[in-house]
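> A predicted structure for the sequence below; I have some questions about it.
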Amino acid sequence: MTRVGVRGLKDHLSEYLRRAGDGERIVVTDRGAPVAVLTPIEESDEVRRGWDLVREGVASWSGGKPRGSARAAVLKGKKTTAGMVLEDRR
């Protein structure tokens, strides 16, 4: 998440508004303390939940395009995802 001081925001407001409009979240700080967050207006529930996970420390994001996981997810239980989909279609 990008952090910018009040003076930097003032000096480059158009750039930060464009970046927020492109989906980036920008934390505005005053003397190093966070005071506000610039976010896009329309966020889906999934995006909002993702940011909640980042805020809780469960997930992280460095500002780039999200990439897939380095390792495959491990399913617990006896059913596979494909099996559950087929079962649901019946």
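That came through, no problem.

> which element follows the longest helix seen in the chain toward the C-terminus?
If each helix of the chain is counted by residues according to DSSP state H, the longest one is helix 45-56. Counting by DSSP states H and E, the next helix or strand C-terminal to helix 45-56 is helix 81-89.

> With just CA atoms, put that following helix into PDB.
Included here for helix 81-89 are C-alpha records, laid out as PDB according to Å, rounded to 0.1, in the frame of the first residue of the first chain:
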ATOM      1  CA  THR A  81     -13.700 -29.500  -6.100                       C
ATOM      2  CA  ALA A  82     -14.700 -31.100  -9.400                       C
ATOM      3  CA  GLY A  83     -16.600 -33.800  -7.500                       C
ATOM      4  CA  MET A  84     -18.600 -31.200  -5.500                       C
ATOM      5  CA  VAL A  85     -19.400 -29.200  -8.700                       C
ATOM      6  CA  LEU A  86     -20.700 -32.400 -10.400                       C
ATOM      7  CA  GLU A  87     -22.700 -33.300  -7.300                       C
ATOM      8  CA  ASP A  88     -24.300 -29.900  -7.200                       C
ATOM      9  CA  ARG A  89     -25.300 -30.100 -10.800                       C
END
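
> what about Val28, how many neighbours?
The number of residues packed near Val28 is 17, by other C-beta atoms under 10 Å. For glycine as for every other residue, the C-beta is placed from the backbone atoms N, C-alpha and C.
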